[in-house]
Structure formats: structure tokens, C-alpha cells
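J.: coords please:
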Amino acid sequence: TTWVLLQSRHVIANVNLANISKMVTLVNNNAAVYTLTLKCKDMHEEGTHALSMFKNALSLTVLDLDLAGNQISDNGASTLALLKDAPSLTTLSLNLQQNLITAEGARAL
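T.: Residues are numbered from 1 along each chain as shown. Here you go, the predicted model:
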């Protein structure tokens, strides 16, 4: 049905460090996913490396990452900046409130 098709193209999920790699693999291998909204918990620096791999999702046009309160530092912000190189991504939204990012990390973004 149309609803099932739309749900497969527009994904909303909660992720954490334990399951983010599985989500990245799923999205990167599924050409039907166009928009992705993730509520991220307990990601830290290691999680930003996994999230940066969404740059390889060839059909992903919109990525919305809620990373509030995840102890992400300037290094993590620099890693997330790699998403700017995603070839099909037209909209990138990052909520980085309550993290450890300074002006240096903000410049990287």
C-alpha cells in the first residue's frame, strides 16, 4: 500500500551506540530510504564515526539527527562535518545542544 511504501522511504527511529552501525548498514544498502530522522542517545565520539558513514547512502536526501546531550566534543563535530560531502544529501539538521562542542567544533560544522 501507499502507507507502507512511504514508511520505508521516510524512516524515524531511536538509536544508540549499540545499534547505530546496524542502522547505517540498513540505510546505506537500501536505495528506497530518502529521509531519515534519528533520536540518538549515548553516542559519544564513537557514535559520530558511525553516523558519518551515512554520507555513503546514495538515495538519502534528508538527514535529521537529534544528538542533544551526548557528550560530543570538537572531534565528534569534525567527524559529523564529513556528512557535508554526502553526494545526495540536500538537507542536514543537527541538534547538538548540551554537548561539549566549542567554537572550534562549530567552525568545523
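
J.: Could you use CA atoms for every contact and neighbour count after this?
T.: Noted.

J.: doesn't A106 fall inside a strand?
T.: No. According to DSSP: H, G, I helix; E, B strand; the rest coil, A106 belongs to no strand; its state is helix.

J.: could you check the distance from the closest residue to it other than its chain neighbours over to R107?
T.: Nearest residue to A106, sequence neighbours excluded (C-alpha to C-alpha, 6 or more residues apart in numbering): A77, at 7.1 Å. Using C-alpha to C-alpha, to the nearest Å, one gets 9 Å for the distance from A77 to R107.

J.: If you count surrounding residues, which of these two has more?
T.: A count of neighbours by other C-alpha atoms under 10 Å puts A77 above the other of A77 and R107, at 24 against 11.

J.: Give the residue spans of the chain that score low on pLDDT.
T.: Within the chain, the segments meeting pLDDT under 70 span 1-8.

J.: which residues in it form strands?
T.: 10-16, 35-41, 62-66, 91-95 (DSSP state E).

J.: and the ones you listed as TSV, adding mean neighbour count and distance to S52?
T.: What follows is these, written out as TSV (neighbours: other C-alpha atoms under 10 Å; distance: least, C-alpha to C-alpha, whole Å):
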stretch	mean neighbour count	distance to S52
strand 10-16	14	14
strand 35-41	18	13
strand 62-66	18	11
strand 91-95	13	12
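
J.: Let me have those in CSV, extended by distance to T48.
T.: Converted to CSV, those look like this (distance: least, C-alpha to C-alpha, whole Å):
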stretch, distance to T48
strand 10-16, 11
strand 35-41, 10
strand 62-66, 11
strand 91-95, 12
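
J.: Those: which one's closest to S73?
T.: For the strands of the chain, the distance to S73 is smallest for strand 91-95, at 13.5 Å, taking C-alpha to C-alpha.

J.: Which parts of this protein are helices?
T.: Here the chain has its helices, by DSSP state H, at 2-9, 20-28, 44-52, 74-80, 103-108.
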